[in-house]
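S.K.: Here is the input, now give the coordinates:
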Amino acid sequence: RGGAVRSVRYSIVCAPGGGTSPQEETLWEPKPYKRLKPGKMIQERFVVELEMTISDKSHLSLTADAIKQRACLDVRTFHNAKKGDDYTRGWKIVPNCDDDHLADNDEYALVSRQLKGGEGLNELNKVVCGAKNGTGMRFNKRNFIVSVNVSSYSFAAIKKVCQVFTKFEAVMDSIMPPHARGDGNSYCRSIARALAGDTNKERHETIDAARSFADLRRLMNPHYPDAFYKLTLPDGKGGEEEMTFIEFRQHQATLDYEKMGNWVRFCVSLTKNASRLREVRPLKDNTRFDNQFSILFDYVIRDRGLRDYYLERRETFREVKKRLANGSQRVGNGGQRQKKKQRNDGHDRSRD
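M.R.: Got it, this is the predicted structure:
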């Protein structure tokens, strides 16, 4: 991969019968470091939804036409969300609401048909390239939602997925922007806060106690559909006793394909691999955070390329947080100096 460094420590005899002098040799590999690429995409079905704000409805048709030309796909625009739900053969742009009286707002979503594996990612890439030629789209604090098809999964398998997500929610928070962390966003509420229990073990046992899909949904998403969660469990086609999709809602909306593609890979890998675990054990209370990150990617995601990508992303967010903290500290110190100067000036004027 490049970028390797090896240090060798040894001793050299300087004189017959004399002492030794420690020396250190460093071997530098001239080939630069290269991040690993993600592995082969798992052949699972998924749907993506890109939330956006469009202030002028005339831009909807322009965006749809741009995607059609670039991706050679059928893209339809609906001004009624319920009518759009019936269309599943192609991509669609629909109002991001369920109420007819809200259909004239500026919140929309670009929703895919069911995609699968690497071919699905290629189609997503083409749509993203076409959408970049669209007009008037804004993504401020909107979500990029990945829905993984779990219609063939057993109830026990889906419980394992929920346990793994809850177990590593803090790790996933670390690779997300601040507005998508914790429990402050009503569009991606915290699962850990929703579940009964203060420790990972107690939350794990709460999920394990669920006896039906409806029971699991009430535990994981107690305020759904009035609030959405980082992992949302919508009703299946047959009602609350079925589950067709699980939704990962934490990622911010973007037209950066690398971010979108890697998040799809992450969600699909977590769902598939977690469901196949023999058992899910809760984390110990003293498990270091860096170890939690390693456990998630080494034993659940199982993709070194994704591990490297999200490790860099986590460090980027950490650096931004440090710079913001240092900036606010400098501003605070500057304000204190300014107040001190004003007090001194006041004392000087009082002497005059």
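
S.K.: Show me the shaky parts of this protein.
M.R.: When residues are selected by pLDDT under 70, those of the chain lie in 1-6, 8-29, 98-105, 328-352.

S.K.: Would you map the strands across it?
M.R.: For the chain, strands defined by DSSP state E occupy the ranges 5-13, 20-28, 45-54, 75-77, 91-95, 107-111, 115-116, 137-138, 144-149, 231-232, 245-248.

S.K.: Among these, which comes closest to A64?
M.R.: Closest of the strands of the chain to A64 is strand 75-77, at 4.4 Å (criterion: Cβ to Cβ). Using the backbone N, CA and C atoms, a C-beta is placed for each residue, glycine as well.

S.K.: Given the closest one, what are its sheet partners and their directions?
M.R.: Strand pairing for strand 75-77, determined by DSSP bridges: strand 91-95 (parallel).

S.K.: Pick the most buried one from the strands of the chain.
M.R.: Most buried of these, by mean neighbour count (mean count of other Cβ atoms under 10 Å): strand 231-232, with a mean of 25.

S.K.: Could you list every helix and strand in contact with that one?
M.R.: The contact analysis (3 or more Cβ pairs under 8 Å, 6 or more residues apart in numbering; DSSP states H and E) places strand 231-232 against strand 245-248.

S.K.: so what does the strand it packs on touch, helix or strand wise?
M.R.: strand 144-149, strand 231-232, helix 257-275.

S.K.: Strand partners (parallel or antiparallel) of the shortest one?
M.R.: Strand 231-232 sits in its sheet next to strand 245-248 (antiparallel), going by DSSP bridges.

S.K.: Pull the residues that contact the strand it pairs with.
M.R.: By Cβ atoms under 8 Å, 6 or more residues apart in numbering, the surrounding residues in contact with strand 245-248 are 47, 145-151, 158, 161, 228, 230-234, 263, 267, 271.

S.K.: Give me the spatial nearest neighbour of K159, chain neighbours excluded.
M.R.: In space, and not counting its chain neighbours, K159 is closest to I207: 5.8 Å by Cβ to Cβ, 6 or more residues apart in numbering.

S.K.: Repeat that for R189.
M.R.: Y229 (4.7 Å).

S.K.: for A109, same thing?
M.R.: N96 (4.6 Å).

S.K.: same deal with W91?
M.R.: Using Cβ to Cβ, 6+ apart, the closest residue to W91 is V75 (4.6 Å).

S.K.: list the contacts for that neighbour?
M.R.: Residues near V75 by Cβ under 8 Å, 6+ apart: A64, I67, K68, G90, W91, K92, I93.

S.K.: want to throw these into JSON lines with distance to Y108?
M.R.: As requested, these are exported to JSON lines (distance: Cβ to Cβ, whole Å):
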{"residue": "A64", "distance to Y108": "11"}
{"residue": "I67", "distance to Y108": "13"}
{"residue": "K68", "distance to Y108": "17"}
{"residue": "G90", "distance to Y108": "16"}
{"residue": "W91", "distance to Y108": "13"}
{"residue": "K92", "distance to Y108": "10"}
{"residue": "I93", "distance to Y108": "6"}
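
S.K.: what's the closest of these to Y224?
M.R.: If you rank those by distance to Y224 using Cβ to Cβ, K92 comes first, at 23.1 Å.

S.K.: can I assume the closest one is in contact with N80?
M.R.: No - if you go by Cβ atoms under 8 Å, K92 and N80 don't touch, sitting 11.4 Å apart.

S.K.: I'd guessed E44 sits against G118; true?
M.R.: No - applying Cβ under 8 Å as the test, E44 and G118 come out as separate, 11.1 Å apart.

S.K.: which of these two has more neighbours?
M.R.: The residue with more neighbours, out of E44 and G118, is E44; 19 against 13, by other Cβ atoms under 10 Å.

S.K.: Name the residues of stretch 148-168 that are buried.
M.R.: Burial within stretch 148-168, assessed by neighbour count using 16 or more other Cβ atoms under 10 Å, is assigned to 148-150, 153, 157-168.

S.K.: Kindly report the same for stretch 292-301.
M.R.: Buried residues in stretch 292-301, counted by 16+ other Cβ under 10 Å: Q292, F293, L296, F297, V300, I301.

S.K.: which residues touch the closest residue to the third one other than its chain neighbours?
M.R.: Computed as Cβ to Cβ, 6+ apart, the closest residue to L296 that is not its neighbour in sequence is F168, at 4.6 Å. The contact partners of F168, taken as Cβ under 8 Å, 6+ apart, are Q292, I295, L296, V300.

S.K.: Tell me who's in contact with the residue most central in space within the chain.
M.R.: Geometric centre of the chain, nearest residue: H251, 3.8 Å, by Cα atoms, centre = their mean. When contacts are counted by Cβ under 8 Å, 6+ apart, H251 touches N143, F144, I145, V146, M176, A180, K259, M260, W263.

S.K.: Correct me if wrong: K159 contacts A209.
M.R.: No - counting by Cβ under 8 Å, K159 sits too far from A209 to count as a contact (9.8 Å).

S.K.: Wait, L115 touches V47, no?
M.R.: Yes - L115 is within contact range of V47, at 6.9 Å (criterion: Cβ under 8 Å).

S.K.: from the buried residues of stretch 148-168, which is closest to K34?
M.R.: Proximity of the buried residues of stretch 148-168 to K34 (Cβ to Cβ) peaks at F168, which lies at 27.2 Å.
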